[in-house]
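S.K.: what's the 3D shape of this:
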Amino acid sequence: MAVREKSASSVAATGSVRARKSADALATAILWILASSIVVILAAFVLYMVYLGWQALTPAFIFGTPKETEAGGGIGPEIYNSFYILILTLIFTIPIAVSAGIYLQEYARPGTFRNIVQFSAESLATVPSIVMGLFGLLVFVYLFKWKFSALGGALTLTLLNLPALMRVTQEALSSVPDTLREASMGLGGTKWQTITRVVLPSAIGRLTTGVVLVAGRIFGETAALIFTAGLSVSVNQPYDLSPFHTAETLAVHLWYTHSESIVKDVDRIGNGSALVLLIMVLVFNVAARVAGRALTKHFTGRTS
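M.R.: Presented below is the predicted three-dimensional model:
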């Protein structure tokens, strides 16, 4: 009798193990399919954009200047302005956001001031881009009398992207084990030396990811730049180095072409502009990730 009960319990246990293994295999398969769907969606999107816009990618289109009423215009100045505003925005954003993230994560103690800074950053992050654009219009265009300019657009995008990069900086620094900080301090390093020589190099990969996300948002922003950077380029000096020149970006040009333009080849310009913008973002993402891995390996001896 005891042998039969033992045999029955053994069979039940075996069945339970099989059921759990089957459930685990099913869950693994579902998660794998869902994760793979992201790759499929991205590939399908890229291929569709290539199908629509590849015929427009000629040297005359990529390097030529836009035309208001005639067909055959290019997007050279818009590409230039996109990178110009990107670099200008990152010059303002990275030092402020990274410094604020370092202070909040490494120096600030829990208290009223830290709570105020965190609340301010979170509130700033929820402001719609079009509202931020109106703020830039009132301050940089009207109050400072800069008119429509690359500098006004860059400063507006700086306000828009500061909270995101600051938060990424905090998370990147928090991912560094405290044992590294303790080892550095134990060897006689100061707080600042520990941060600059141990913590930041260990977090460089995640920081690079944050910069990539911010850069992608800058490339694709339209609403804030419509009110601050303008909807045109200078005919006489389309590649102006002055930060006060009117700077229509490629994303804004794409919106303007499909909503306001009266040129006959609007579809060609729109599809070509969208494909170039997509290529710019993808190339920048890949380049930034490669640079992040190289920097992580250089500073820490390991890949991120």
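S.K.: Please enumerate the helices of the stretch 101-250 of the chain.
M.R.: Taking DSSP state H, counting those that start in this stretch as the criterion, the stretch 101-250 of the chain carries its helices at 112-125, 129-136, 150-174, 178-186, 191-194, 200-202, 204-220, 223-226, 250-259.
S.K.: Can you give me the buried ones in the next helix or strand after the last one?
M.R.: Scanning forward in sequence from helix 250-259, with DSSP states H and E defining helices and strands, the next element found is helix 266-300. Residues of helix 266-300 classed as buried under the neighbour-count rule (16 or more other Cβ atoms under 10 Å) are 268-278, 280-281, 284, 288, 292-293, 295-296, 299-300. To be clear about C-beta, it is placed using only N, CA and C from the backbone, and glycine gets the same treatment.
S.K.: which other helices and strands contact helix 266-300?
M.R.: helix 2-53, helix 76-102, helix 200-202, helix 204-220, helix 250-259 (3 or more Cβ pairs under 8 Å, 6 or more residues apart in numbering; DSSP states H and E).
S.K.: picking up where we left off before, dump the helices of the stretch 101-250 of the chain into TSV; add mean pLDDT as well.
M.R.: Output for the helices of the stretch 101-250 of the chain, formatted as TSV (pLDDT from 0 to 100):
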stretch	mean pLDDT
helix 112-125	85
helix 129-136	92
helix 150-174	91
helix 178-186	86
helix 191-194	88
helix 200-202	87
helix 204-220	85
helix 223-226	91
helix 250-259	85
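S.K.: Ok, which of those comes nearest Y239?
M.R.: Taking Cβ to Cβ, helix 150-174 is the member of the helices of the stretch 101-250 of the chain nearest to Y239, at 11.8 Å.
S.K.: Can I get the helices and strands packed on helix 266-300 in CSV including distance to L124 and mean neighbour count?
M.R.: What follows is these, written out as CSV (distance: least, Cβ to Cβ, whole Å; neighbours: other Cβ atoms under 10 Å):
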stretch, distance to L124, mean neighbour count
helix 2-53, 29, 10
helix 76-102, 11, 20
helix 200-202, 24, 19
helix 204-220, 14, 21
helix 250-259, 22, 21
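S.K.: Confidence-wise, which of those is weakest overall?
M.R.: Out of the helices and strands packed on helix 266-300, helix 2-53 stands lowest, with a mean of 80 (criterion: mean pLDDT).
S.K.: and the angle from it to helix 266-300?
M.R.: Per axes from the mean of the first three to the mean of the last three Cα atoms, to 10 degrees, the angle that helix 2-53 makes with helix 266-300 is 130 degrees.
S.K.: continuing past helix 2-53, what's the next helix or strand?
M.R.: Next element after helix 2-53 (DSSP H and E): helix 59-63.
S.K.: What lies in contact with that next one?
M.R.: With contacts defined as Cβ atoms under 8 Å, 6 or more residues apart in numbering, helix 59-63 is touched by G72, G74, I75, G76, I79, G272, V276.
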